[in-house]
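K.L.:
the following comprises the amino acid sequence and a computationally predicted model.
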Amino acid sequence: MTRWLSLSCLGLVLVCLGLVVSGCGTAVDMEDVGFVVALGVDSEDDGKVRLWLEVAEPGMGVESLAKQETLLASTEGDTLYDAFIKLETRSSRNLTLGHVRTIVIGERLARAGLRQAVDALMRDATLRLKAWVLVTPDPVEEVLSLSIAGQPAGMFIGSLMQREAQRAGAPSSRIVDLVMHIEERGVQPLIARVGLARESESAGGGGGGAEGGAAQGSASGGDGSGTSMNLSDMFVLNGAAVFKGDKMVGWLDARQSAAAVIINSRIQGYEFIHKLSADGDESIGVNLMSAHAEVSIPRECLADAEKVEGCTVEVKVNGLWGMRELISDDQFMTEEGVVALNKSISARLKRDTDDMLRVIQTELGSDVIGIGEVFRQRMAHSNWKKISGEWDTLFQSLNIKVIVNVAGRRRGQILRSLSEDKAI
């Protein structure tokens, strides 16, 4: 019995020793790892691919990536992976994409096509599928070189997307969504647009501008100090890039982008300023808390693939909004006043939606609102198979009618505006 116990103990010790030794053998020194926090890619004049990697300084660790020094390494190659290999051979550390939070794509490469670049990224087992992906009209190097309040560009843009995308009406575009929509016939990719602000304003969070202004609904990020600064030192989310397959075909401005996100039922907390008078002296600050779109397709269009062309599709949008600011002599205290306000805001969103449909249907021919996906889900597979190959053309022929009905629910803590009362 004693001998048996001794052999058992010896065997247990050998097993534990094997586990310990194997663990030590695979340990990786943090000093030898290069954590890539952001990735940028664009094409050169000669057709080569230019790759930027924002790499955290050694010894900082992943816990402090939000605020630390980073190195921006760059090179070109025949393909994205070719450029990555060159950067690996020039680095003294093992580069890993497991902590990439933001992927910034240049407009030139986006218009040329992303299939090859996306293929290389998705084959990396460490890449996070929820990494944010954005398109910029500005030089990628300038975007990734900007550090705000000690926070690297990649981390800051990621935080900006998570915090401000909904308020700005920008799509919450992630790499996994881009890949899925490139492959699907019934919905095309819609990718958030990021750029460098070009005018001088005060730093602050996102919000709406004047109804006709180009910056309406955009969100910007700075150092958060609230002091006056040059907006060339800030990022701005303003609109979205429209794709057809893997190629970018055009832009949507901030209001059009918000309308597309509303139709996709993915809007929450969208903020804008709505003008109540023609001269612009009266306005209301609106927070669209939620919105849901319901798509109705006639049965005959679903039953017969030949009747899809020219089919009338009805989209009903219902939502709730809250009042954030009221600059008006009319305080809308009566039921009639509230109904009129609801109609006015609904009409404004309807105009934005019609404008968005004009761009994506007539000018770009790209179904970024997923009407084709609704057809695919509701009609027989045999019918969808007949029309899926020509869906881009069929989408342009559809008669899409949008009905918007939003209602006010939150008016704030005061019953009257703080503006001066007019003398009677």
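P.N.:
Cool, got the structure.

K.L.:
for the chain, give me the ranges with low pLDDT.
P.N.:
1-32, 58-68, 92, 198-233, 410-424 (pLDDT under 70).

K.L.:
please parse it into its domains.
P.N.:
33-252, 253-411 (automatic domain parsing).

K.L.:
want to throw those into TSV with mean neighbour count?
P.N.:
To be clear about C-beta, it is placed using only N, CA and C from the backbone, and glycine gets the same treatment. Shown next, in TSV, are the domains of the chain (neighbours: other CB atoms under 10 Å):
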stretch	mean neighbour count
domain 33-252	19
domain 253-411	18
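
K.L.:
assign residue 309 to helix, strand or coil.
P.N.:
coil (DSSP: H, G, I helix; E, B strand; the rest coil).

K.L.:
nope, residue 267 is what I was after
P.N.:
Under three-state DSSP, residue 267 comes out as coil.

K.L.:
next up, the contacts around it.
P.N.:
166, 169, 258, 261, 288, 290, 291, 319 (CB atoms under 8 Å, 6 or more residues apart in numbering).

K.L.:
try residue 396
P.N.:
With CB under 8 Å, 6+ apart, residue 396 has these contacts: 361, 362, 365.

K.L.:
just the element for it, please.
P.N.:
Residue 396 is part of helix 391-397, with elements assigned from DSSP states H and E.

K.L.:
where do the strands sit along the stretch 101-250 of the chain?
P.N.:
Applying DSSP state E, counting those that start in this stretch to the stretch 101-250 of the chain gives strands spanning 102-106, 132-136, 190-196, 200-202, 219-221, 228-230, 235-244, 247-252.

K.L.:
can you say which of those strands is nearest to residue 382?
P.N.:
strand 235-244 (25.4 Å; CB to CB).

K.L.:
adding distance to residue 144 and secondary structure, write the contacts of residue 267 out as CSV.
P.N.:
Shown next, in CSV, are these (distance: CB to CB, whole Å; DSSP: H, G, I helix; E, B strand; the rest coil):
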residue, distance to residue 144, secondary structure
166, 24, helix
169, 24, coil
258, 26, helix
261, 26, helix
288, 32, strand
290, 34, strand
291, 34, strand
319, 36, strand
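
K.L.:
of the residues you listed, closest to residue 119?
P.N.:
residue 261 (27.4 Å).

K.L.:
so the closest one makes contact with residue 168?
P.N.:
No: look at residue 261 against residue 168 with CB atoms under 8 Å: they stay out of range, at 9.7 Å.

K.L.:
quick check: neighbours shared by the two?
P.N.:
In contact with both residue 261 and residue 168: residue 270, using CB under 8 Å, 6+ apart.

K.L.:
as a check, name the ranges of all helices in the stretch 301-424 of the chain.
P.N.:
335-357, 371-378, 381-387, 391-397 (DSSP state H, counting those that start in this stretch).

K.L.:
for residue 159, which of those is the nearest?
P.N.:
helix 335-357 (27.1 Å).

K.L.:
that closest one vs strand 247-252, what angle?
P.N.:
Put simply, helix 335-357 runs at 150 degrees to strand 247-252, going by axes from the mean of the first three to the mean of the last three CA atoms, to 10 degrees.

K.L.:
just the angle between helix 335-357 and strand 235-244, please?
P.N.:
60 degrees.

K.L.:
name the helices or strands packed onto helix 335-357?
P.N.:
helix 254-263, strand 270-275, strand 283-296, strand 312-327, strand 399-410 (3 or more CB pairs under 8 Å, 6 or more residues apart in numbering; DSSP states H and E).

K.L.:
reformat these as CSV; add distance to residue 348.
P.N.:
Formatted as CSV, those follow (distance: least, CB to CB, whole Å):
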stretch, distance to residue 348
helix 254-263, 9
strand 270-275, 5
strand 283-296, 9
strand 312-327, 11
strand 399-410, 9
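
K.L.:
which residues touch the residue nearest to residue 401 when sequence neighbours are not counted?
P.N.:
Spatial nearest neighbour of residue 401, chain neighbours left out: residue 314 (5.1 Å); criterion: CB to CB, 6 or more residues apart in numbering. With contacts taken as CB under 8 Å, 6+ apart, residue 314 has the following neighbours: 295, 296, 400, 401, 402, 403.

K.L.:
same thing but 10 Å
P.N.:
294, 295, 296, 297, 298, 399, 400, 401, 402, 403 (CB atoms under 10 Å, 6 or more residues apart in numbering).

K.L.:
pairing partners for it in the sheet, please.
P.N.:
residue 296, residue 401 (DSSP bridges).

K.L.:
how much space separates it from residue 117?
P.N.:
According to CB to CB, to the nearest Å, residue 314 stands 38 Å off from residue 117.

K.L.:
just residue 126 next, same as before
P.N.:
17 Å.

K.L.:
residue 155 touches residue 36, doesn't it?
P.N.:
No: the criterion here is CB atoms under 10 Å, and residue 155 misses it with residue 36 at 11.8 Å.

K.L.:
what touches both of the two?
P.N.:
In contact with both residue 155 and residue 36: 54, 56, 70, 99, 101, using CB under 10 Å, 6+ apart.

K.L.:
before we move on, the earlier item: closest to residue 182 out of the helices and strands packed on helix 335-357?
P.N.:
Per CB to CB, nearest to residue 182 of the helices and strands packed on helix 335-357: helix 254-263, 17.3 Å.
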